[in-house]
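Undergrad: sequence-free structure coming up:
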């Protein structure tokens with residue numbers, strides 16, 4: 001290890017220490033700020049807001065005991081003041097339902113509050129089933145919430161009805177304190193239907209379903225769902241009347257809590273989980289979200305700024321809550337991974353702050369999207385909802401959005417077989433990249449012809465102290481033959497964004513979902529031809545044929561294009577030639593068949609293009625040009641001439657000339 005390496009490692013270590021200190025200092029500052037705010041709210045008896053702020057402090061430093069004790073004190077205080085309250089303030093994790101089925105109707109739970117002016121009417125749970133051309137929604141009178149959503153045009157990987165979520169795994173409702181510090185959660189209260197119950201089919205342009213939470217003395221909360229006939233987007237309006245005398249008047253916001261469990265819809269559970277997350281859009285700003293492909297069992301994020309929408313995003317489907325007229329003031333999100341044996345793979349939860357004013361009549365206007373992550377469909381709604389389709393970042397997303405998707409959609413206008421569409425898409429891309437492929441091949445061919453001459457130079461300068469002379473002689477050889485050392489690498493590097501764009505495009509394209517081609521029954525997931533009785537780390541418990549074909553074609557192409565003498569000179573390169581394709585085989589075995597099919601086709605087309613280029617590149621012509629320029633002086637570039645002139649201006653002398661002068 002030389003001095004430069006040691007200095008470099010020390011600098012990296014120093015940067016790591018500085019970053020760790022800065023990050024820790026930033027966390028401590030945020031924690032102390034949240035704690036100070038929470039204590040202030042607690043002192044003025046704003047218990048709901050204080051509790052939420054203490055929870056934010058816990059999220060910043062989960063190991064701290066003080067904010068946890070304060071949350072427990074608030075819960076105990078509310079329970080002491082209102083012993084008849086059956087629901088604690090602290091959220092209780094619901095038991096995960098065993099299957100995605102429509103549960104039997106059940107008796108409504110007891111009312112949360114018992115004082116006459118805020119006692120809701122009891123009743124048996126009823127359902128309003130509303131069916132439009134695209135989906136079937138079930139509304140429950142318990143909580144007045146969307147109980148379940150079934151998408152009519154889609155099925156699960158094993159042929160069951162595709163249900164985004166069902167009643168046992170959902171929670172949706174407003175949470176607020178009353179004027180006498182009672183906690184109200186509308187999710188647990190009984191709503192009376194104001195419109196028809198039973199099964200309604202939307203035959204007109206729209207249908208409106210309404211339910212009312214009555215609190216007596218003309219005090220009520222209405223939930224209205226406006227369902228268009230042929231849309232995945234519905235309107236959700238909330239009307240509050242007379243609630244200014246019920247809700248604590250010192251509140252400036254109330255909480256809207258939404259929680260659901262994501263059921264497994266796809267065959268590849270791991271891949272589905274990797275592309276599922278919670279996304280949200282800042283008010284008049286960019287879209288952000290929790291990190292995908294995270295190994296953490298639980299992720300929590302506090303959002304102190306205004307929000308336009310929040311989305312629970314699956315690999316191919318999303319449930320989105322959108323604020324139409326006024327944004328959510330702030331919020332928090334949490335995502336928890338479920339155990340492998342569960343029919344659900346992720347639990348999603350958000351707590352949003354909704355602005356509140358103590359007025360006799362108060363209304364909120366929101367929208368809900370329950371549907372596929374189709375780029376064109378989501379983009380038609382605006383609000384950057386198309387960001388739910390993950391296409392990569394920066395230049396990768398630009399390539400997918402403005403090159404790949406338009407070509408893909410254009411091809412789909414003329415044919416319905418997606419295997420043929422991918423074939424034509426690959427041909428179009430490879431034709432567009434052919435100039436780069438040709439230039440790369442020509443450079444590799446020239447390097448192969450010059451290999452014996454390079455070996456002669458290496459033999460002429462075997463000593464380490466002659467490394468500079470050897471490099472200068474090699475560069476002079478390349479220049480006489482018209483070869484650039486980067487000529488073979490640079491064109492390949494320029495093609496990498498396209499390859500990576502396809503890596504992002506295929507696994508998230510819902511158009512490929514459950515589309516069969518050859519032996520692959522679903523191009524959006526792996527094409528298993530053999531199920532293994534054991535699991536291989538990284539590889540999985542199955543054998544994907546397109547992955548094998550991609551790997552074999554890659555090895556053959558690399559072997560044909562590599563110089564024959566390189567293996568004898570550098571034995572380690574032979575192992576590397578096989579190591580990378582095998583590594584990709586292990587990694588891509590669980591990815592979509594469409595992606596591996598594309599890479600296989602790209603290898604075949606590249607091989608054909610190289611054979612075509614070979615007919616234009618003659619070894620004799622390269623050697624002839626080399627002999628013609630062998631004794632000619634090497635023309636210096638303008639940059640090299642300027643460097644030499646600058647050195648002379650500073651009085652630079654070579655070590656040899658300096659010795660003579662002495």
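TA: In hand now; what should we look at? Not measured: the values here are computed from a predicted model.
Undergrad: and residue 543, what element?
TA: strand 540-544 (DSSP states H and E).
Undergrad: domain-wise, how is this structure divided?
TA: Domain ranges of the chain: 24-81, 116-390, 398-515+592-624, per automatic domain parsing.
Undergrad: got those as a markdown table, with mean neighbour count columns?
TA: (Each C-beta comes from the backbone N, C-alpha and C, glycine too.) Shown next, in a markdown table, are these (neighbours: other CB atoms under 10 Å):
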| stretch | mean neighbour count |
| --- | --- |
| domain 24-81 | 16 |
| domain 116-390 | 18 |
| domain 398-515+592-624 | 17 |
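Undergrad: with distance to residue 586 and mean pLDDT added, can I get the ones you listed in JSON lines?
TA: Shown next, in JSON lines, are the domains of the chain (distance: least, CB to CB, whole Å; pLDDT from 0 to 100):
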{"stretch": "domain 24-81", "distance to residue 586": "35", "mean pLDDT": "73"}
{"stretch": "domain 116-390", "distance to residue 586": "14", "mean pLDDT": "89"}
{"stretch": "domain 398-515+592-624", "distance to residue 586": "13", "mean pLDDT": "81"}
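Undergrad: distance to residue 537 added to those, as TSV?
TA: Converted to TSV, those look like this (distance: least, CB to CB, whole Å):
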stretch	distance to residue 537
domain 24-81	31
domain 116-390	13
domain 398-515+592-624	19
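Undergrad: which one of the ones you listed lies closest to residue 536?
TA: domain 116-390 (13.6 Å; CB to CB).
Undergrad: OK, contacts around the residue positioned nearest the centre of the chain?
TA: Nearest to the geometric centre of the chain sits residue 292, at 4.6 Å (CA atoms, centre = their mean). Residue 292 is in contact with 274, 275, 276, 277, 390, counting by CB atoms under 8 Å, 6 or more residues apart in numbering.
Undergrad: run the angle between the next helix or strand after the strand holding residue 543 and strand 540-544 for me.
TA: Next helix or strand after strand 540-544 toward the C-terminus (DSSP H and E): helix 545-561. Between helix 545-561 and strand 540-544, the angle comes out at 70 degrees (axes from the mean of the first three to the mean of the last three CA atoms, to 10 degrees).
Undergrad: tell me the buried residues in helix 545-561?
TA: For helix 545-561, burial by neighbour count (16 or more other CB atoms under 10 Å) applies to 545, 546, 547, 548, 549, 550, 551, 553, 554, 555, 557, 561.
Undergrad: from the residues you listed, pick the one nearest residue 614.
TA: For those, the nearest to residue 614 is residue 561 (10.3 Å; CB to CB).
Undergrad: surely residue 540 is in contact with residue 591?
TA: No - counting by CB atoms under 8 Å, residue 540 does not reach residue 591; the two are 10.4 Å apart.
Undergrad: still on that earlier bit, for the strand holding residue 543, packing partners?
TA: Judged by 3 or more CB pairs under 8 Å, 6 or more residues apart in numbering; DSSP states H and E, strand 540-544 is in contact with strand 528-536.
Undergrad: show me what counts as buried in the strand it packs on.
TA: By 16+ other CB under 10 Å, the buried positions in strand 528-536 come out as residue 528.
Undergrad: relative to the whole chain's centre, how far out is it?
TA: The chain centroid and the centroid of strand 528-536 are separated by 28 Å, computed with CA atoms, centre = their mean, to the nearest Å.
Undergrad: contacts made by it with the rest, please.
TA: 519, 540, 541, 542, 543, 544, 545, 586.
Undergrad: between those, which has the most around it?
TA: Comparing the contacts of strand 528-536 by number of neighbours (other CB atoms under 10 Å), residue 544 comes first, having 25 neighbours.
Undergrad: thought it was touching residue 596?
TA: Yes - with contacts counted by CB under 8 Å, residue 544 reaches residue 596, the gap being 6.5 Å.
Undergrad: skip the chain neighbours and tell me the closest residue to residue 411.
TA: Counting by CB to CB, 6 or more residues apart in numbering, residue 421 is the residue found nearest to residue 411 once chain neighbours are left out, at 4.7 Å.
Undergrad: how much space between that neighbour and residue 38?
TA: 56 Å (CB to CB, to the nearest Å).
Undergrad: what's the answer for residue 233, then?
TA: In this view, residue 233 and residue 38 are 37 Å apart by CB to CB.
Undergrad: now swap in residue 383 and tell me
TA: In terms of CB to CB, residue 383 sits 33 Å off from residue 38.
Undergrad: got it, and residue 458?
TA: Residue 458 is 71 Å from residue 38, by CB to CB.
Undergrad: try residue 456
TA: In terms of CB to CB, residue 456 sits 77 Å off from residue 38.
Undergrad: the strands in the stretch 351-500 of the chain, which residues?
TA: Applying DSSP state E, counting those that start in this stretch to the stretch 351-500 of the chain gives strands spanning 361-372.
Undergrad: hmm, back to that, host element of the residue nearest to the centre of the chain?
TA: Per DSSP H and E, there is no helix or strand for residue 292.
Undergrad: give me the phi and psi for residue 322.
TA: phi -120, psi 130 (degrees, to the nearest 10).
Undergrad: pretty sure it contacts residue 369?
TA: Yes - using CB under 8 Å, residue 322 makes contact with residue 369 at a distance of 6.9 Å.
Undergrad: circling back to that earlier point, OK, contacts around the residue nearest to residue 411?
TA: Going by CB under 8 Å, 6+ apart, residue 421 touches 408, 411, 412, 415.
Undergrad: swap the cut-off to 10 Å and go again
TA: 407-412, 414-415, 511-512, 515, 517, 594 (CB atoms under 10 Å, 6 or more residues apart in numbering).
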